[in-house]
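[1] Dropping the sequence and predicted coords here.
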Amino acid sequence: MFMPKFGRVCGSCMTLLIQREPTFLGRCCYLGNQGCRNFSTSQRRPYIMKAWQLREYGSNKNFRFTDNAPMPPIMYPNQIIVQVCAASVNPLDVMMREGYGAAMLNRQRDPTGVLPFMDPNVNELPLVLGRDCSGIVMETGLNVKEYKPGEEVWVAVNPYKMGTHAEFVVVTNSEISHKPRSLTHVQAASIPYSGLTAWASLVTQGGLNEKTAKGKRVLILGGSGGVGTFAVQLLKAWGAHVTTTCSRDAIPMLTSLGADDIVNYQAQDVREHLKRLNKFDLILDGVGGEAEKYLFSTDYLKPWAGAKYVTLRTPLLKNADSLGFTDGLLKSGMSLAGNAVKGLASGIHYRWGFFTPDGMALDKIAALVDQGKIRPVIDRVFTFDQLPAAYDKVEQGHARGKTVISVAEKRTQLDDSSSFGIIHV
Ligand SMILES: NC(=O)c1ccc[n+]([C@@H]2O[C@H](COP(=O)([O-])OP(=O)(O)OC[C@H]3O[C@@H](n4cnc5c(N)ncnc54)[C@H](OP(=O)(O)O)[C@@H]3O)[C@@H](O)[C@H]2O)c1
């Protein structure tokens, strides 16, 4: 006798389904019932998939590789199932593995706080991490017109949803874009998460774009990592003057990406060195700590000229974890407002930058990539079965670009990394 796990309504045909892992009981488009139309499928799809599932928060030991994880279903008409070919591993994945952000993300998963999570694409545990990927469209919901099964895409997934460290992922049509034609899947997977974080910080918060960035002086703190290597290239493509900080061994890589002024933070007094330079229109802080205390000042930013300090090291999720959702939100709001007011008094602006899934921004980034203005910068590629080693690599820090896992490509292909056009340092 089977025990139904929970019932749900199919997002495409509104039929009530009862889940019995790994499949559903019920007659609807999801099961390929003839009575349901306008549901686009590429092929008879499987009901189980390979995935790295996090059973509970903690270390790599809590990952379990499974080849019978339930396939994520389409729950809403604007959703798309993507077959993952390659995905990146980011500091956020390592932090989420340890439970970082759970309070805030659970609130997004279940805003009422009283209902059990009804959508398997937004369950808390077991959790599939991974915030971006390059892959192939497998199935599309009723309202998806721009993407067809079989098309190559790249995506960035909101952190409260099930991620890309699996064979398949469900995304909405606002989280997806056609992959740049000039890149392999491994190369393409290195860009969406970091690229969209840089985009949200420089464009959305910083107000820069292809028209306004020309001639602007921008400082990137931490130029050698995933976000930094992308931000430097985006700004150079738009004609900005870029100063960046990094360790000595990363200098050749950042020079090759076009950085104008590079400060070795291990050998030089960054504070004194930067003081001698002309003031900046924007500082993007991917490092945090002491730097903010002295750099968010008119000693470094142009006063009364719209100059902005955008930090990626925000306390929002950490505060929610330690104080609870409401108190955490209040404390974070007060901290943000305090800095914003302090800056306004001297004519400079303070902002927080967040990774933001944005398919339209990915379209623009894809165009820049295909024009040769932005290159993927890959530190190391791991196979899917080596995922815990990839997490170890990211956790050790000192990134020189991105860590990528190849979900569909084989180890023999990866060994010849030159075939991916990877920039090695
Ligand atoms: N708010 C958000 O939504 C969001 C999104 C993405 C990332 N982030 C945060 O933004 C930061 C950058 O992200 P990422 O993905 O680029 O990380 P990453 O790939 O790990 O890169 C960090 C880079 O910073 C360098 N670094 C460390 N300390 C430095 C210092 N004092 N001065 C200059 N460079 C330094 C590291 O190399 P060396 O140590 O060898 O110098 C490394 O190359 C991380 O802290 C991440 O958590 C926030």
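    Sure thing, it's come through. This one's a predicted model, so the numbers in the text were calculated from it and none came from an experiment. Residues are numbered from 1 along each chain as shown.
[2] Check this structure and tell me which residue is nearest its centre.
    In the chain, the residue lying closest to the centroid (C-alpha atoms, centre = their mean) is Y193, at 2.6 Å.
[3] what about that residue, is that helix, strand or coil?
    Y193 falls in the helix class when you classify it by DSSP: H, G, I helix; E, B strand; the rest coil.
[4] Please verify my assumption that it contacts G226.
    Yes. Counting by C-beta atoms under 8 Å, G226 is a contact partner of Y193 at 7.3 Å. The C-beta positions use only the backbone N, C-alpha and C, and glycine is treated the same way.
[5] Can you check which residues contact both of those two?
    When contacts are counted by C-beta atoms under 8 Å, 6 or more residues apart in numbering, Y193 and G226 have S88, N90 as shared neighbours.
[6] who touches N264 in this structure?
    With contact taken as C-beta under 8 Å, 6+ apart, N264 is in contact with T245, C246, S247, R248, I251.
[7] Please report how far the residue of the stretch 101-250 of the chain found nearest the ligand lies from S194.
    Nearest residue of the stretch 101-250 of the chain to the ligand, counting by C-beta to the nearest ligand atom: G225, 1.8 Å away. Relative to S194, G225 is positioned 8 Å away (criterion: C-beta to C-beta, to the nearest Å).
[8] Run through the residues of the stretch 151-300 of the chain sitting next to the ligand.
    Within the stretch 151-300 of the chain, the positions lying close to the ligand (C-beta under 6 Å from any ligand atom) are 194, 197, 221-222, 224-228, 245-247, 265, 286-287.
[9] please redo it, this time with the cut-off set to 8 Å
    Counting by C-beta under 8 Å from any ligand atom, the residues of the stretch 151-300 of the chain close to the ligand are 193-194, 197, 200, 221-229, 245-247, 249-250, 265-266, 270, 286-289, 291.
[10] Restricted to helices, list those.
    Among those, the subset assigned to helices under DSSP state H consists of Y193, S194, T197, G226, V227, G228, T229, V270, A291.
[11] so which of those is the most crowded?
    Within those, most neighbours by other C-beta atoms under 10 Å means T229, with 36 neighbours.
[12] which helix of this protein spans the most residues?
    The chain, longest helix under DSSP H: helix 325-345.
[13] contacting residues for G239?
    A213, K214, G215.
[14] where's it, which helix or strand?
    Secondary structure from DSSP states H and E places G239 outside every helix and strand.
[15] swap in Q53?
    Secondary-structure assignment from DSSP H and E places Q53 in strand 48-54.
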